[in-house]
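[1] One predicted model, sequence on top.
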Amino acid sequence: MANILKKSEQELLLGNEAIVRGLVESGVKFASTYPGTPSSEVGNILEEMSDKVGMYFEFSSNEKVAMEVSAAAASSGVRSFVFMKHVGLNVAADPMMTLAYAGIKGGMLIMSADDPSTHSSQNEQDNRYYSTLALLPMIEPSTPEEAKDMIKGAYEISEKLTLPLIYRTTTRVNHARSIVKFGNIIDTPASGHFVKDDKRFVNIPAYARGNRVRLLELYAKAQELSEVSPYNFIEGSGEIGIITSGVSYTYVKEFISDISILKLGFTNPLPENKIKDFIKGKKAIIIVEELEPFLEDQVLRISGQNQLAVPIYGKRTGHLPRAWEFSPDVLKGIKNIVKVKDMPIPLDPCTIKLPSRPPTLCAGCPHRGMYAATKKAVGNQNVVYCSDIGCYTLGVQPPFNAADFIICMGGGAGAAGGFAQVTDQKAIAFIGDSTFFHSGVPALTSALFNDHKIVMVILDNRTTAMTGHQPNPGTGRHYGNVNTDAIDVEKLVKGIGVKFVETIDPYDVKGAEQVMKDAMAFDGVAVVISKCACPLELKKQKLLIPKQCVVDQDLCIHCYTCLKMIACPALIKKDKKVEVDSTQCIGCGMCANVCPKNAIKVKQ
Amino acid sequence: MKYTVQIVGVGGQGVLLASMVLGNAAMRSGYKVSMSEIHGMAQRGGSVLCTLRFGDDVISPLEATGGADLLMGFEPVETCRSISLINKNSSILMNLDPVYPSMVAAGFEEYPDIDNLVKFVRSLSSDNLMTIEATKIAISAGKAVAANAVMIGAVAATKGFPLSKNLLKEVLLETVPEKFKDLNSKAFDMGFDAMSNQNPL
């Protein structure tokens, strides 16, 4: 990771690194998040260095809480930054909608990192609509360099308007790299004071009505700022105009020539006059934007209101796709309208059958043991595996096939109650430790409350693994000069009244199988806690004790139970023999545990 | 001048580190640089693709399909999977040492014959293919993890590659931890030599 605090003129930075640099330069003193790709690196960097710049940073237990703590900081006059992936904003939308009514005092940015093409997400929702829904101004950078630069300007706008701003990025900005020039670092107060103002901060109906009008007035002011914003600019000249924003701008700029470009960085409210003037006199207008026709529909409206008879091309005319992220390739859709750079003919795809390489649970991953045990315990019974968001989502793959229903964070646990109610299938909900704290607790209390006889398996690997090993309430906090105790999952579950609670070691697959059988037979809510630290995290902390599994070839009967049940990537089938890849094996012993002939030994 | 490299491989092979070395070397050569990488699932053994673009005026982090000047394949199957990223005039640097996907290791899928993969790539682009056994070379240099340094050395010897050998090596050695400098230096040189011997300039 690049040192973003370095005294340097320029660095080749990842978008997320550039964003942190932008926060530092803007003197931001409070930041909060729940980890989610493509925004995760921002949190990992802040965890390491926020205290060095006098900034408070926290991983909150979910995005809603992250929004609320940052809202409080900004309401007390401290510059704050809350960030999350696009679906995280769904969780945080509730506080955001009314925060817009209350407004803030210190600047506040809400970063929504969208993921077109769902590189690491369950959907590709277009969060630009949140800005029109909440009536919050929105800024959208196109490159890492802009991502850093625009943060400063965005805070100034936020403070001028006394409104939080939505700072919207996409994977190809967060995970792009470009040369970023470092600027001056300014300082702002690290602590604030909340001044009681019920009319703004207590949105009871009587005050909310007034705040609704206040928000509309501020929105009109934002519109004026957008008209004159340097983030909305025109470049190039030609009879055909392209209106674009975000990473799409970079494709237009490099791969299309002889056009006039209206590049939008302040994308809500739109600069309506600037757009009107841009359209006037053009032969045609093309809107190039990823995902939904967010700009396009508004440009069509502006054009209609001003009775401009210029054809407008984009998604509504079928020239550009609505699904998946853009690349220079999609510009072929408008090559009959504008001059698109010639693109070479690609080589033909490979005709040889290539093996698939999906991401998979790691060698020695404890989830493998818990899935193997569950499959064995379930046998031929009809069950619905409700799963959730995390590494364990990969349990959908063979040989486990242990995910039937996944919608969102905490969603499996909630859905399990519904399946238990309306079907005669046993509902088993897998949920990670971090996800449990995020939104699994309300689902569990609801199952108890309504007597849904579910089995909840908490896959407690002592970290938020998938997004890059962030701490969570179950690990305690040990960064930024704050130390807190870990919250004990078992005590919590017992404390709310779950009668069947068992903590097991998933490396003991046979033991876990018996517990799962008991849990499934239990007449009520059953919770099984599969407690075992993620080996990647142990490796990182240099706590992994080196061990190896060894196959005794004389005892092996080639039944392949180890492969069929655990399918660990460290087990390799060579001709008939099963061998262990010593570079991958961590000696967890799951394969040894399930071997019917004790042919696998764990060696220290 | 504009130059695009597509770097493909598997999580853990050092694809991202290699792309950073190339990117920083391009920046120091005075070029503009724009890169894109796909993270996230890579750590779980999935494929990794990194796009590196540099030149007098680049801004797009992605290249058109077929538009890359060089395909740097850290793994044979991944090279073949991504072959459409380049065209008949592009160069290909292909590591022949495989990393078996988990389903192959477990015996559920087959890994194709590597000679056939090479034959296939050669049939599309016979003049521009350079092969290297980067992992084997790295092992003989001291450690398999230095395969990415071997690949960077090999790239430095690739015909028409716009960044200088000395600069690439300098940036590589600044990027790796102190205790691995000697290993990486040796691996880089061995990669460079292996390529120079294959393609006398």
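    Sure thing, it's come through.
[2] Name the single longest helix found in chain B.
    Using DSSP state H, we find that the single longest helix of chain B is helix B:181-198.
[3] does the residue nearest the centre of chain B count as helix, strand or coil?
    With distances taken as Cα atoms, centre = their mean, B:M72 lies nearest the centre of chain B, 3.3 Å away. The three-state assignment at B:M72 reads strand, by DSSP: H, G, I helix; E, B strand; the rest coil.
[4] Give the bridge partners for it, please.
    B:I7, B:L93 (DSSP bridges).
[5] returning to that earlier point: excluding its own residues, what touches the longest helix of chain B? List them.
    Helix B:181-198 is touched from outside by B:93, B:130-134, B:137-138, B:140-143, B:146-147, B:149-154, B:156-158, B:165, B:168-169, B:172-173, B:176, with contacts defined as Cβ atoms under 8 Å, 6 or more residues apart in numbering or on different chains. Glycine gets a C-beta too; all of them are placed from N, C-alpha and C.
[6] got the contact list for the closest residue to A:I259 other than its chain neighbours?
    Counting by Cβ to Cβ, 6 or more residues apart in numbering or on different chains, A:G238 is the residue found nearest to A:I259 once chain neighbours are left out, at 4.3 Å. Contacts here follow Cβ under 8 Å, 6+ apart; on that basis A:G238 touches A:D258, A:I259, A:S260.
[7] where does the nearest residue to the first one once chain neighbours are set aside fall, phi/psi-wise?
    Nearest residue to A:D258, sequence neighbours excluded (Cβ to Cβ, 6+ apart): A:G238, at 4.8 Å. As for A:G238, its main-chain torsions (degrees, to the nearest 10) stand at phi 170, psi 170.
[8] that older thread, and the longest helix of chain B, what's buried?
    For helix B:181-198, the neighbour count (16 or more other Cβ atoms under 10 Å in any protein chain shown) marks B:183-192, B:194-196 as buried.
[9] repeat for stretch B:29-37
    B:Y31, B:K32, B:V33, B:S34, B:M35, B:S36, B:E37.
[10] Tell me what the residue lying closest to the first one once chain neighbours are set aside is bridged to.
    Closest residue to B:Y31 apart from its sequence neighbours, by Cβ to Cβ, 6+ apart: B:F54 at 4.2 Å. Partner residues in beta bridges with B:F54: B:Y3, B:V33, with DSSP bridges as the criterion.
[11] on that earlier part again, distance of the residue nearest to A:I259 from chain B?
    Separation of A:G238 from chain B (Cβ to the nearest Cβ, to the nearest Å): 18 Å.
[12] Then A:G88?
    15 Å.
[13] before we move on, the earlier item: for the buried residues of helix B:181-198, which one is nearest chain A?
    B:L183 (16.8 Å; Cβ to the nearest Cβ).
[14] Could you name the helices and strands sitting against the helix or strand of chain B with the lowest mean pLDDT?
    Using mean pLDDT, DSSP states H and E, helix B:102-105 stands out as the lowest-scoring helix or strand of chain B, at a mean of 83. Counting contacts by 3 or more Cβ pairs under 8 Å, 6 or more residues apart in numbering or on different chains; DSSP states H and E, helix B:102-105 packs against strand A:571-574.
[15] how about the strand it packs on: buried residues?
    Buried-residue list, strand A:571-574, by 16+ other Cβ under 10 Å: A:L571, A:I572, A:K573.
[16] List the residues that contact the closest residue to the last one other than its chain neighbours.
    Translated: A:K573. Distance criterion Cβ to Cβ, 6+ apart; nearest residue to A:K573, sequence neighbours excluded, is B:G107 at 3.3 Å. By Cβ under 8 Å, 6+ apart, the contact set of B:G107 is A:Y560, A:L563, A:K573.
[17] and A:P271, backbone torsions?
    Dihedral angles of A:P271 (phi, psi; degrees, to the nearest 10) stand at phi -80, psi 90.
[18] Can you give me the neighbour number for it?
    A:P271: 24 surrounding residues under other Cβ atoms under 10 Å in any protein chain shown.
[19] What's the separation between it and A:L262?
    Remark: distance between A:P271 and A:L262 (Cβ to Cβ, to the nearest Å) = 9 Å.
[20] ditto for A:P535
    On the measure of Cβ to Cβ, A:P535 and A:L262 end up 51 Å apart.
[21] the more surrounded of those two?
    Ranked by neighbour count (other Cβ under 10 Å), A:P535 and A:L262 place A:L262 first, with 25 against 20.
[22] Would it be right to say that A:F83 lies in a helix?
    No: under three-state DSSP, A:F83 falls outside any helix and is assigned strand.
[23] Around it, count how many other residues there are.
    So A:F83, with other Cβ under 10 Å, has 31 neighbours.
[24] Spit out the contact partners of it.
    Neighbour list for A:F83: A:I19, A:A31, A:T33, A:S39, A:V42, A:G43, A:L109, A:I110, A:M111, A:S112, A:A113, A:Y167 [criterion: Cβ under 8 Å, 6+ apart].
[25] A:R301: which of those is nearest?
    A:S112 (23.5 Å; Cβ to Cβ).
[26] got a list of what the closest one touches?
    A:F83, A:M84, A:K85, A:H86, A:G88, A:L89, A:N127, A:Y130, A:I166, A:Y167, A:R168, A:T169.
[27] hmm, 7 Å instead?
    Listed by Cβ atoms under 7 Å, 6 or more residues apart in numbering or on different chains, the contact set of A:S112 reads A:M84, A:H86, A:L89, A:N127, A:Y130, A:I166, A:R168.
[28] helix/strand/coil for it?
    Put simply, A:S112 is strand when judged by three-state DSSP.
[29] Not counting its neighbours along the chain, what's nearest it?
    A:N127 is the one closest to A:S112 (Cβ to Cβ, 6+ apart), at 4.3 Å.
[30] tell me the pLDDT at the one you found?
    Here the pLDDT value assigned to A:N127 is 98.
[31] Could you double-check that it sits in contact with A:T169?
    No: checked against Cβ atoms under 7 Å, the pair A:N127 and A:T169 is beyond contact range at 9.8 Å.
[32] Between those two, which contacts overlap?
    Joint contacts of A:N127 and A:T169 (Cβ under 7 Å, 6+ apart) are A:D114.
[33] re earlier: close enough to count as contact, the residue nearest to the centre of chain B and B:T4?
    No: B:M72 is beyond contact range of B:T4, at 10.9 Å (criterion: Cβ under 7 Å).
[34] Only the buried residues of the longest helix along chain A, if you could.
    Using DSSP H to define each element, chain A has its longest helix at helix A:205-228. Within helix A:205-228, the residues scored as buried using 16+ other Cβ under 10 Å are A:Y207, A:N211, A:R214, A:L215, A:L218, A:Y219, A:K221, A:A222, A:Q223, A:L225, A:S226, A:E227.
[35] for stretch A:375-382, same thing?
    A:K375, A:K376, A:A377, A:V378.
[36] cool, and stretch A:186-196?
    A:T188, A:A190, A:G192.
[37] Just confirm the second one is within a strand.
    I take that to be A:A190. No: counting by three-state DSSP, A:A190 is not found in a strand; it is coil.
[38] Can you tell me how far it is from chain B?
    In terms of Cβ to the nearest Cβ, A:A190 sits 32 Å off from chain B.
[39] looking just at contacts, which helices and strands does the longest helix of chain A meet?
    Applying 3 or more Cβ pairs under 7 Å, 6 or more residues apart in numbering or on different chains; DSSP states H and E, one finds that helix A:205-228 contacts helix A:86-102, helix A:144-161, helix A:198-201.
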